[in-house]
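K.L.:
Model the following, please.
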Amino acid sequence: MLETGKPFPNFSLPNQDGKVTKLGDFAGKWLVVYVYPKDDTPGCTIQGKSFTATKADFDAANIKVVGVSQDDVASHKNFCNKFAFTIDLLADTKAELLNQMGIGQAEFHGTKYWNRSSFVIDPKGVLRKVYEKVNPQEHEKMLLDDIKALQK
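P.N.:
Down below sits the predicted model:
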């Protein structure tokens with residue numbers, strides 16, 4: 001797992017619309033990169049809905065939120081459309097960023113999935129906080145409170 005206080009890995013990944021998103025796009029803003037196992041599964045849907053519902057609160061605090069999974073752009077697009085998500089989901093189909101972050105995998109019914117994790121990156125691109133094996137219920141509220149405390 002990545003160490004806090006170190007620069008977050010640079011990335012260049014397409015979002016659900018195929019637009020390439022880079023770490024540098026968030027310079028000057030706080031960033032939450034949340035990793036989730038699979039599009040359109042119960043916990044991942046809860047998490048996406050929660051971040052969409054609280055997007056205005058994150059925006060007001062100068063915090064951007066992006067989700068990352070190994071699903072492809074088309075899968076992300078369908079997931080976003082199905083639940084009217086207003087956050088970007090980044091497609092790391094080759095698991096390059098996922099591997100750089102050092103996220104573990106768990107097996108479920110013979111298939112491996114990335115562990116649900118969240119990373120808080122400051123406006124200079126430095127990793128400030130890591131959350132492992134996240135519970136999707138109300139995690140966004142904890143993130144918002146913790147980042148606001150870090151901003152002070």
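
K.L.:
Contacts for stretch 44-54 next, please.
P.N.:
Under the contact criterion C-beta atoms under 8 Å, 6 or more residues apart in numbering, stretch 44-54 has outside partners 34, 36-38, 58, 65, 67, 69, 79-80, 83-87, 89, 116, 134, 136-141, 144. Backbone N, C-alpha and C define where each C-beta goes, glycine included.

K.L.:
just the buried members of the residues you listed?
P.N.:
Listed as buried from the contacts of stretch 44-54 are 34, 36-38, 58, 65, 67, 69, 79-80, 85, 87, 89, 116, 134, 136, 139-140, 144; burial here means 16 or more other C-beta atoms under 10 Å.

K.L.:
ok, Phe85 - contacts?
P.N.:
Gly48, Lys49, Phe51, Thr52, Phe79.

K.L.:
Averaging pLDDT per element, find the lowest-scoring helix or strand in the chain.
P.N.:
Every helix and strand of the chain was ranked by mean pLDDT, DSSP states H and E. The lowest is strand 105-108, at a mean of 81.

K.L.:
Mind giving me the packing neighbours of the helix or strand that that strand is followed by?
P.N.:
Going down the chain from strand 105-108, the next helix or strand is strand 111-114, by DSSP states H and E. Here strand 111-114 touches strand 105-108, going by 3 or more C-beta pairs under 8 Å, 6 or more residues apart in numbering; DSSP states H and E.

K.L.:
I'd like to know how many residues surround Lys6.
P.N.:
10 (other C-beta atoms under 10 Å).
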